[in-house]
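Undergrad: fold the stuff below for me.
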Amino acid sequence: MEELFNFISQIYPVSDALKDCLVQKLVHLTLPKKSYHLKKGQVCRSISFIQQGLVRCFYEKDDREISS
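TA: Just a heads-up that it's a prediction; the model follows:
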């Protein structure tokens with residue numbers, strides 16, 4: 001989580017009070033390869049920060065997957 005705070009601090013300073021608040025709210029999630037973070041029909045209600053790896057975003061159109 002410290003890596004995230006270091007990254008954010010490069011953009012804008014993060015106070016200790018804000019760090020404490022975020023630590024209570026943030027959840028560290030590890031997803032296995034080829035799994036879905038969100039599936040068709042789900043609404044994203046969170047912000048994700050990718051620490052390691054890659055993410056592919058796509059949608060279906062005319063029975064094809066279009067990467068975006």
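
Undergrad: count of residues packed around residue 36?
TA: Per other C-beta atoms under 10 Å, the neighbour tally for residue 36 reads 8. Glycine gets a C-beta too; all of them are placed from N, C-alpha and C.

Undergrad: kindly report the same for the one 10 residues further on.
TA: Neighbouring residues of residue 46 were enumerated by other C-beta under 10 Å; the total is 10.

Undergrad: helix or strand for it, which one?
TA: Per DSSP states H and E, residue 46 falls between elements, in no helix or strand.

Undergrad: where does residue 49 land in three-state SS?
TA: For residue 49, the assignment made with DSSP: H, G, I helix; E, B strand; the rest coil gives coil.

Undergrad: can you pull out the helices in the protein?
TA: Listed in chain order, the helices found in the chain under DSSP state H are 2-11, 16-25.

Undergrad: any chance of those in JSON lines, plus mean neighbour count, distance to residue 52 and mean pLDDT?
TA: JSON lines is the format used below for the helices of the chain (neighbours: other C-beta atoms under 10 Å; distance: least, C-beta to C-beta, whole Å; pLDDT from 0 to 100):
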{"stretch": "helix 2-11", "mean neighbour count": "11", "distance to residue 52": "10", "mean pLDDT": "90"}
{"stretch": "helix 16-25", "mean neighbour count": "10", "distance to residue 52": "20", "mean pLDDT": "92"}
